[in-house]
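>>> Predicted model follows, preceded by the sequence.
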Amino acid sequence: MSRALAVLRTPAVRWAFLVGAVVLAVVAVAGSWGELVEAAQQMPGGHLAGAAVVGIAYVGATFLSWRAVLADLGSPLPLRPAVAVFGISQLGKYVPGGVWNVVAAAEIGADHKVPRARSLAAMALAVLLGVVSGVVVAAVCLPVAGADGLGSWSWLAWAAPLLLVLLVPPVLGRLVGLGYRLLRRPSLERPLTWSGLGAAVAWSVLGWVLAGVHVWLLATGLGLDATPRTLALMVGGYAVAWVAGFVVVLVPAGAGVREAVLLTLLAGSLPHAAVLLVVLLARVLLTVVDLLFAAAGALVRPARSR
């Protein structure tokens, strides 16, 4: 098993998965090109603009969640250096390997007097909070929405309460301490607090809501019923899609995996071409937002550090 995992984690295999995902996406687009063009012509400009604005707010919420964790660990960063560290480091998640955004955050953070070990812990904790809060949000939203399209979402009902234990500062602090010991690193200089962790979780939950609204605006622009049920479906469904893309570490930024879950979620609610367009637009818009955050981070960095 360990040998198989080692092979799966090699750069060659991960690049192969990325290329495969891109090829499949190109084939799907080419096969439905005419319908895609027709669906794109039906997309109201207001829905597209609204989805772009909400996408910026979604990434902004994840930024504030990470910043709250970093501050709770002992390195409160002013806004400009925080944008520089977070914005530029997010480009690393598009590189196969799964660690480059964490490495980038540690290196850029060191320019602003943030210890590398603390940067690594903050980014890892922010991602963990995102996964846990995503599962909890999905466990609440999908049953309300009656998400039959996902089939087996019932596992969330028992997984969510178990994962909620991880949001208790003493429990999470001990897990972090164990990780530090396994890495033979000094433990955290200060324990996690209820207020700091609570702020990070609140921003993370808000992020999932905004992400769902982002996809919902695109889908309702192409004919999905604009109801509270479909909104709950998009919020919970996007959270599940993101978590699935995170778990499948073979491809960067969940490429292909997240889209497959969203396609399943929307199947039957919209024509196939409309569903495909929603999925593609969601990916493109959020990628553009990541690039905008990276550009903002590069601009606010001191010239000597660029």
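Perfect, thanks for sending it.

>>> how close does the residue nearest to residue 163 when sequence neighbours are not counted get to residue 159?
Distances taken as CB to CB, 6 or more residues apart in numbering put residue 132 closest to residue 163, at 4.6 Å, once the chain neighbours are dropped. Using the backbone N, CA and C atoms, a C-beta is placed for each residue, glycine as well. Distance from residue 132 to residue 159, counting by CB to CB, to the nearest Å: 10 Å.

>>> Show me which of the two is the more surrounded one.
residue 132 (22 against 15; other CB atoms under 10 Å).

>>> Name the helix or strand for that one, please.
Secondary structure assigned from DSSP states H and E places residue 132 in helix 116-145.

>>> That helix packs against which elements?
helix 45-72, helix 100-110, helix 155-164, helix 169-182, helix 194-221, helix 228-247 (3 or more CB pairs under 8 Å, 6 or more residues apart in numbering; DSSP states H and E).

>>> and of the ones you listed, who's closest to residue 287?
Taking CB to CB, helix 45-72 is the member of these nearest to residue 287, at 9.7 Å.

>>> Just list what the closest one packs against, helices and strands only.
helix 79-89, helix 116-145, helix 194-221, helix 272-300.

>>> Burial check on residue 64, number of neighbours?
For residue 64, using other CB under 10 Å, the count is 19.

>>> can I assume it is in contact with residue 204?
No. Contact between residue 64 and residue 204 fails when scored by CB atoms under 8 Å: they sit 9.1 Å apart.

>>> Compute the distance between the closest residue to residue 127 other than its chain neighbours and residue 116, please.
Leaving out its chain neighbours, the residue that sits closest to residue 127 by CB to CB, 6+ apart is residue 246, at 7.4 Å. Plainly put, residue 246 is 23 Å away from residue 116 if you go by CB to CB.

>>> And residue 77, by the same measure?
Applying CB to CB to residue 77 and residue 116 gives a distance of 14 Å.

>>> Of those two, give the one with the bigger neighbour count.
Taking other CB under 10 Å, residue 77 and residue 116 do not tie; residue 77 has more neighbours (20 against 14).

>>> list the contacts for that one?
Contact partners of residue 77, counting by CB atoms under 8 Å, 6 or more residues apart in numbering, are 67, 70-71, 85, 112, 114.

>>> which SS class is it?
Recorded secondary structure, residue 77: coil (DSSP: H, G, I helix; E, B strand; the rest coil).

>>> Now do the end-to-end distance for stretch 106-122.
Taking CA to CA, to the nearest Å, stretch 106-122 runs 9 Å from one end to the other.
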